[in-house]
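Undergrad: coordinates for the following, if possible.
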Amino acid sequence: EEGNRRVGGGGMEVLPHDDEWMDNWWERVNVRQPVRDLRANRPDFTRLDLTHTAITDEGVEELSRALQSNTTLRDLKLGNCSLGDATASAVARALPPNTSLHKLDLRSNEIEAGGAGALGEAYGPRWRR
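TA: Residues are numbered from 1 along each chain as shown. Below you'll find the model as predicted:
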């Protein structure tokens, strides 16, 4: 579907592989292209699905910086990416300046009180409008 990007796991066809590949299936995801697309504010780039990927802390930081000035992304899925409080806080920093994002999926991560608090503070004003 136009406007959607899917990186990594879930939904991809798995081809025959060796045992070493299977041991390392959850490789770190390179977010350079999605970050470039976010920074370019491409009108067709409205959804980004990184569900079930092992995005690095640095990758989340890059993604968050790009989100701050993006005006086209409406749906971001970061479910089951092993995100913790630090990465949740990085995402939270992107929320106030970004007015286009309407759906943020962070389910099945390792976010605890600190990250949840940062997200609540950042996203809360949108819910109160």
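
Undergrad: poorly predicted segments of the protein, please.
TA: Applying pLDDT under 70 to the chain flags the ranges 1-29, 125-129.

Undergrad: please enumerate the helices of it.
TA: Secondary structure of the chain (DSSP state H): helices at 19-23, 32-39, 57-69, 85-94, 113-128.

Undergrad: just want the most central residue of this structure.
TA: Most central in the chain under C-alpha atoms, centre = their mean is L78, positioned 4.2 Å from the mean C-alpha point.

Undergrad: so that residue sits against A94, correct?
TA: No. If you go by C-beta atoms under 8 Å, L78 and A94 don't touch, sitting 11.6 Å apart. The C-beta positions use only the backbone N, C-alpha and C, and glycine is treated the same way.

Undergrad: got a list of what N30 touches?
TA: For N30, the contacting residues are G59, by C-beta atoms under 8 Å, 6 or more residues apart in numbering.

Undergrad: out of the helices of the chain, flag the one nearest T46.
TA: Closest to T46 of those, according to C-beta to C-beta: helix 32-39, at 10.4 Å.
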